[in-house]
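*Asks:* Sequence and computational prediction follow.
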Amino acid sequence: MERVTDHDERLPASPGPRAPLAWAHRIGARIPLVNAPMGGVAGGRLAAAVTAAGGLGMIGMGSAGSVAALERELPQVRGVDGPFGIGLVDWVVAAEPELLEVAIAARPALISVSFGTDLGWATRVTDAGIVAATQVYSAQDARRAQDAGVGVLVARGVEGGGHGAVNSTLPPLLDAVLNVASVPVLAAGGIGTPSSLAAVLRAGATGAWLGTCLAACEESSLSEAGRRALLAARAEDTVLTRAYDVGTELPWPARFPARVLRTEFTDRWTGREDELAADQSARAALAAAIAAGDPAVAPIDAGEGVGLVTAVEPAARVLDRLWSGATAHLADGPADR
């Protein structure tokens, strides 16, 4: 696998736990870049590639997460030189509690559990010597997570792909979370260029939680049809919707709609979810389209940075471009604000 070249020492360390390189080195990585644990995209192969490139590779157990699914992915990160993490969904863990136990037993560097209100899992993770992380959407969320023992906060702006609260764009959210944070904060949502990465690091983020910019990489688990759809999409081709969750009868909390590529299905059903819930034939048609991988109907998570994804590349190349470019921006001094 390609490895990111050693640009990391160019980045000046900032004080305290937000210092990007200090945190990366503590967790066993070389650079403070983490792939978001995207369900159906971030399998063991992508996690291994991100770790081998110097970052923290995350295996994502999304809506379809299970003990069996996690056990299929774990062998791909074994033997890779560097740390890995596992990302879980709260309500999936509630349905299969053994999933958290298997994740802990795998001895990752970090476990994230998001999209819930019960933070009791954090103590079990930290007691095992593993860093606990969760996505937050406000200063209040950040305080609650810290008080529960969460050791890394992921400030996720509404620009991000996949599920998330519709609270704030990333810049004001990051400021709000950093103002109350006493633990490292990773920035998420719309980060896909060296300048956008440099901006969140300059603002005080410890690192970045990257999703859409890695979704089409060679090592991702995305289907070929999904990759083609991402490459063809522009920023304005994403939409926030609960239609897929309702259509597939998945128990996602209403607080967390998903940002996905706009499709015929989202055009028809976004804003009409109550009707969809009562329309069995429409739900059956959606299930058939998803099973067939029809990109005109099936859901494809994508953030507002999707227009920047123009090629299928190795993850290492994407990370190198982002990190070397960001460190060059930072070496040039503070940007005008």
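*Replies:* Alright, I've got the coordinates.
*Asks:* ok, how many other residues are close to residue 210?
*Replies:* 29 (other Cβ atoms under 10 Å). In this view, the C-beta of every residue, glycine as well, is placed from N, C-alpha and C.
*Asks:* my bad, residue 254
*Replies:* Residue 254 has 9 neighbours, counted by other Cβ under 10 Å.
*Asks:* which residues touch the spatially closest residue to it that is not a sequence neighbour?
*Replies:* Nearest residue to residue 254, sequence neighbours excluded (Cβ to Cβ, 6 or more residues apart in numbering): residue 242, at 6.6 Å. By Cβ atoms under 8 Å, 6 or more residues apart in numbering, the residues touching residue 242 are 252, 254, 257-258, 270, 273.
*Asks:* pLDDT score for residue 242?
*Replies:* Residue 242 carries a pLDDT value of 98.
*Asks:* rewinding a little: and the buried ones among the contacts of residue 242, selectable in PyMOL?
*Replies:* With 16 or more other Cβ atoms under 10 Å as the criterion, this PyMOL line picks the buried residues out of the contacts of residue 242:
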select buried, resi 252+257+258+270+273
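*Asks:* Widest-spaced pair of the contacts of residue 242?
*Replies:* Spatially, the most separated pair among these is 252 and 270, at 14.6 Å (Cβ to Cβ).
*Asks:* Switch the contacts of residue 242 over to JSON lines; also include secondary structure.
*Replies:* Output for the contacts of residue 242, formatted as JSON lines (DSSP: H, G, I helix; E, B strand; the rest coil):
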{"residue": "252", "secondary structure": "coil"}
{"residue": "254", "secondary structure": "coil"}
{"residue": "257", "secondary structure": "coil"}
{"residue": "258", "secondary structure": "strand"}
{"residue": "270", "secondary structure": "coil"}
{"residue": "273", "secondary structure": "helix"}
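*Asks:* closest to residue 321 among the contacts of residue 242?
*Replies:* Nearest to residue 321 out of the contacts of residue 242 is residue 258 (Cβ to Cβ; 27.2 Å).
*Asks:* Look up how far residue 269 lies from the residue nearest to that closest one when sequence neighbours are not counted.
*Replies:* Once flanking residues are discounted, residue 258 sits nearest to residue 163: 4.8 Å by Cβ to Cβ, 6+ apart. Per Cβ to Cβ, to the nearest Å, residue 163 is found 17 Å from residue 269.
*Asks:* Give me the more crowded residue out of the two.
*Replies:* residue 163 (25 against 22).
*Asks:* Would you check that the more buried one makes contact with residue 254?
*Replies:* No: counting by Cβ atoms under 8 Å, residue 254 is not a contact partner of residue 163; they are 11.1 Å apart.
*Asks:* picking that back up, which among the contacts of residue 242 gets closest to residue 300?
*Replies:* For the contacts of residue 242, the nearest to residue 300 is residue 258 (10.1 Å; Cβ to Cβ).
*Asks:* contacting residues around the closest one?
*Replies:* Counting by Cβ under 8 Å, 6+ apart, residue 258 has contacts 162-164, 240-242, 244-245, 252, 299, 301.
*Asks:* and residue 42, which of the three is it?
*Replies:* coil.
*Asks:* for it, phi and psi?
*Replies:* phi -90, psi 80 (degrees, to the nearest 10).
*Asks:* ok, it touching residue 217?
*Replies:* No: checked against Cβ under 8 Å, the pair residue 42 and residue 217 is beyond contact range at 9.9 Å.
*Asks:* More neighbours: these two, which one.
*Replies:* Applying other Cβ under 10 Å to residue 42 and residue 217 shows that residue 42 carries more neighbours, namely 30 against 26.
*Asks:* How much space separates that one from residue 211?
*Replies:* 8 Å.
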